[in-house]
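Undergrad: sequence? don't have it. structure:
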């Protein structure tokens, strides 16, 4: 089990569980790593995703090379401000709102069943400085 929180960190599995404060379906989009159309969801505002059922590494050499940085171990977890969630067309997702998840705010709890990929789009704000990024332009004095 590892927790990943850098821009571009990716987990992949047959079942992913997680939570987010804003859940939005983006439609069908072609995934560049797998060269296939998948369902895309946007998870925003303190999002987490975790592999709860593992998937085997792809057999195709081209796809294996493209996805060599994916984390596929059981309980690998993403923690970020914004996550992109990709789900195969045959896969199913379920989500519901649960109040009091973060003591003050509710969250959408989600589960995907089928080939699923989650990618960090924006890390948590407090980690941006540790990663060397800035949210505002630096002013020279």
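TA: Yep, that arrived. It should be emphasised that the depicted structure is a prediction, and the values quoted were computed from it without experimental measurement.

Undergrad: could you check the distance from residue 62 over to residue 38?
TA: From residue 62 over to residue 38 the distance is 17 Å, taken as C-beta to C-beta, to the nearest Å. Placement of C-beta: from N, CA and C, glycine included.

Undergrad: More neighbours: which of the two?
TA: The residue with more neighbours, out of residue 62 and residue 38 and counting by other C-beta atoms under 10 Å, is residue 38; that gives 21 against 11.

Undergrad: just the helices in this protein please.
TA: Listed in chain order, the helices of the chain (DSSP state H) span 61-66, 125-131.

Undergrad: The first one packs against which elements?
TA: The one in question is helix 61-66. Secondary-structure packing of helix 61-66 (3 or more C-beta pairs under 8 Å, 6 or more residues apart in numbering; DSSP states H and E): no helix or strand packs against it.

Undergrad: contacting residues around it?
TA: Helix 61-66 is touched from outside by 33-35, 57-58, with contacts defined as C-beta atoms under 8 Å, 6 or more residues apart in numbering.

Undergrad: Report the distance from it to the chain centre.
TA: Taking C-alpha atoms, centre = their mean, to the nearest Å, one finds helix 61-66 lying 20 Å from the centre of the chain it belongs to.

Undergrad: For it, could you pull out the residues that count as buried?
TA: Judged by neighbour count (16 or more other C-beta atoms under 10 Å), helix 61-66 contains no buried residues.

Undergrad: my guess is residue 117 meets residue 10, correct?
TA: Yes - at 6.4 Å, residue 117 and residue 10 qualify as touching, with contact defined as C-beta atoms under 8 Å.
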